[in-house]
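K.L.:
heads up, no residue letters with this:
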């Protein structure tokens, strides 16, 4: 795609601050941020290493949950109920970390 048109705009300090913040958080240039806003109406942030680590932990917890479900089917839910609560709490905390990081 040939980008031959140029647009000059004036922004207030607050608007420019928002543009800089969006650019920093998405790790994209200000031009790319403006193009994304025009084309999609949003700017997606890139996944940080911290978020990747949290996602990996969530995958591990889902494995634990599957193992607990298998044991619950074999021996009864009552025997693994406490462990299920602990895993559910850990999953909730990890999801909260992901949401808070936004």
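P.N.:
Everything's here; your move. Note that the coordinates shown come from a computational prediction; the quantities given were computed from them, not determined experimentally.
K.L.:
Quick one: mean pLDDT over whichever helix in the chain runs longest.
P.N.:
Criterion DSSP state H: the longest helix present in the chain is helix 49-75. For helix 49-75, mean pLDDT rounds to 92.
K.L.:
what's the offset of that helix from the middle of its chain?
P.N.:
Here helix 49-75 is found 18 Å from its chain centre; the criterion is C-alpha atoms, centre = their mean, to the nearest Å.
K.L.:
mind listing what's buried in that helix?
P.N.:
For helix 49-75, the buried set under the neighbour-count rule, 16 or more other C-beta atoms under 10 Å, comprises 54, 58, 61, 65, 68, 72. Placement of C-beta: from N, CA and C, glycine included.
K.L.:
Closest one of these to residue 90?
P.N.:
Comparing the buried residues of helix 49-75 against residue 90 with C-beta to C-beta places residue 61 closest, at 5.5 Å.
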